[in-house]
Each structure stands twice: as structure tokens, then as C-alpha cells.
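Q: below: sequence and its predicted model.
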Amino acid sequence: MEVRARGTEALCALQSLEEDFSRFEIASEFSSIHVHLSSVRSDVPRVSRAPTIRVNGSRVYGWGANRTCTTDQSICIVRTRGREKKIEIFSESESSLRETAWTVLQSAIGEALDLSGHQRIHGAGLQFRNQTSIVVAAKPGAGKSPLVASCLGNPDWMIFSDESPLITSRPDLGGAWISPFPTRIALRTRDARMLLPEEKARSFARHGYVEKHLFSLPTERIARPSPLNWIIFAGRGEQAPREIGRPQAALRLFPALVVGQGLMQMAQYMVRVDRTQAVAEIAAIRMARLVSLLRSCRFASMGLAADAERNRHRLEEFLQ
């Protein structure tokens, strides 16, 4: 992956993206992705024709490998040739450049990961005492990021991801495995002050969302690939963790793993005619992963209270 920038705001957005990916190891077999950010007004292309479709507040021009997506704040042009992707993003706003680049990169990387057999799931990936690996699958806003921040303050825990750990199948090693996808932890101001008061953070304002503070994971606290033991489905509430059966787990796992509910994947990027076969292949791979998880993992449900420390303690009691 290569990212270049032109203009003051674009350079600031590039610096933020470098921090976002600072804990990642990019595998060479994935598709080559080239991104150009520009905040120079004279670079901005003109789009005069009528949009093909409108998705999530964006105007999309073109159905195929080459397409343009525009919002009130940015223009994103995606050109695909085989395994090569060239993405150009134009905006005079640093936050808009960073948000658009982050979203489209997550979509492109996620597509490559899916096709290589590594599935993301929206949740917190955690490891307790170097032996029990879990995913706490939750909808946005349920409280998984404060839970991760609380675990970061306790040496018994290691972190796979705050947002979307990777799940793969390793039949030769006993079934499902979990690997790190070490995005930065995103916390609201109150949670940041309470849980990570002494850590340095970068503020991030996302369009339509409250401002959050981004914290990089310490390298020494990132867990290594390990067998996946538990998937715990969490929502808001006070319910203590309790084990559930596979039929109930399958109903809750389908939207999280197969549909990709909550994942950072841009509909404007994924919905295109030239990738119909790839989308079908991704759906089939995700379904196969669901079946393998039902065979090899245990499942539970719990409520996440407003107190992140209390949630961590309840998890520890459950896993001991």
C-alpha cells in the first residue's frame, strides 16, 4: 500500500493515516493499493454528469472498475486494473480526507483479506492470561472500545483489535484462529479521560458522529495469532456472561460475520458490476467460516454496562 499527499491538509491527513497503520504488517501477496490525497483546490476534478446511483449520502458515477464517488466535502475516484487499485481523494478538509481515505482503504483491504481467507468481525478481540482468546461482538456504541481500554490497563490482557479482529480457519491446528488487526482505540472524551488519562491521543472528528480520541496500541500488548475459544455477543445492559447454544449463536453470528454488520466497508466501493463474482465468492467464504466457527468455538452473551471496569471484571470471572 502506497499513500501520497499534496497540500497542507492532505499532508496532515497522511500523517494521521500513518499512525492508523503504524502497528500493521502488510502482506506482500495482497493487491497493490495506491492512494493520492490532495487538498489543492486546482487539483479537484469537475463532475458534471448525472450520478448513476446514490448510496449513504454519496453520489456514485459508474458501475464498473472505474468510478467516482462524491459527497458535499470530498471527491473519491477509484480505478481498478487487475490487482492494482488507484484511489484519488480530493478535499480541502483534513478530517474529510482522512475519513474518506480510511473508509475506502478499509474496504479495499477488507476485500483482499476476505479473498485470502481472513474474515473481519465487528468486535473487540482479546486474550486473557495468554491462553483464552475471545471476540466480544457488539454493535457500534455498545461499549466495546471502553472495554478494550480497560483491558489495556491490566497486564492479564492482550489485544487483537479494538474494532475488527481477523478470523481464519486452521484445520491443521484445531479449527478457528484469531489474528490481530491493530487499529487505534477510539474513545469518547469522557471515556478517554477516565480510562487512559496519561496516554497521548489524536482527536478525530468524523462527519455525523461525535468527536473521538485515537490511541495507538502498544506493540508489546498486541496478541499473537492464537486459537479462538469464545465468541461473546454483547449489547447494552447488566446481564452477566452466560453460555448459549449453537442454534442461537448461528442466528447472531450470521449478520456479524457473513453480512459484515458494523464493519468499515464502503457500499459505494463494494457495489459494482465488475466485482459481482468476487462478492459472491466472499459471501461463500464467510458462510464457510461461520460453519467452522460453530464447530470449534463456544458462545456466550452478556450485557455491557456503562462501567467498563465492571465489564472487564465480569469477563474475568466468567473465563477463569
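A: Nice, I can see it.
Q: my guess is residue 239 contacts residue 301. True?
A: Yes. Using Cβ atoms under 8 Å, residue 239 is in contact with residue 301, at 7.0 Å. Every C-beta, even on glycine, is put in place using the N, C-alpha and C of the backbone.
Q: higher neighbour count, those two?
A: residue 301 (20 against 14; other Cβ atoms under 10 Å).
Q: quick check: beta-bridge partners of that one?
A: Counting by DSSP bridges, residue 301 is bridged to residue 233, residue 242.
Q: where along the stretch 201-320 of the chain do the helices fall?
A: 246-253, 267-270, 276-296, 308-319 (DSSP state H, counting those that start in this stretch).
Q: where does the prediction get shaky in the stretch 101-250 of the chain?
A: Residues of the stretch 101-250 of the chain meeting the criterion pLDDT under 70: 174, 206-209.
Q: let's go with 80 and repeat that
A: 171-174, 198-200, 204-210 (pLDDT under 80).
Q: so how many other residues sit close to residue 294?
A: 16.
Q: how close does the residue nearest to it when sequence neighbours are not counted get to residue 296?
A: Closest residue to residue 294 apart from its sequence neighbours, by Cβ to Cβ, 6 or more residues apart in numbering: residue 246 at 5.2 Å. Using Cβ to Cβ, to the nearest Å, residue 246 is found at 11 Å from residue 296.
Q: so for the two, which sits in the more crowded spot?
A: More crowded of residue 246 and residue 296, by other Cβ under 10 Å: residue 296, with 17 against 14.
Q: got a pLDDT number for that one?
A: For residue 296, the model assigns a pLDDT of 91.
Q: I'd say it and residue 173 touch.
A: No. Applying Cβ under 8 Å as the test, residue 296 and residue 173 come out as separate, 10.4 Å apart.
Q: quick one on the thing from earlier: closest to residue 116 out of the helices of the stretch 201-320 of the chain?
A: helix 276-296 (9.3 Å; Cβ to Cβ).
Q: on that earlier part again, the helices of the stretch 201-320 of the chain: which one's closest to residue 159?
A: helix 308-319 (12.4 Å).
Q: same for that closest one, what does it pack against?
A: strand 123-128, strand 132-138, helix 144-152, strand 298-304 (3 or more Cβ pairs under 8 Å, 6 or more residues apart in numbering; DSSP states H and E).
Q: what angle sits between the following helix or strand past the third one and helix 144-152?
A: Tracing the chain past helix 144-152, the next element assigned as helix or strand by DSSP states H and E is strand 157-161. Using axes from the mean of the first three to the mean of the last three Cα atoms, to 10 degrees, the inter-axis angle of strand 157-161 relative to helix 144-152 is 140 degrees.
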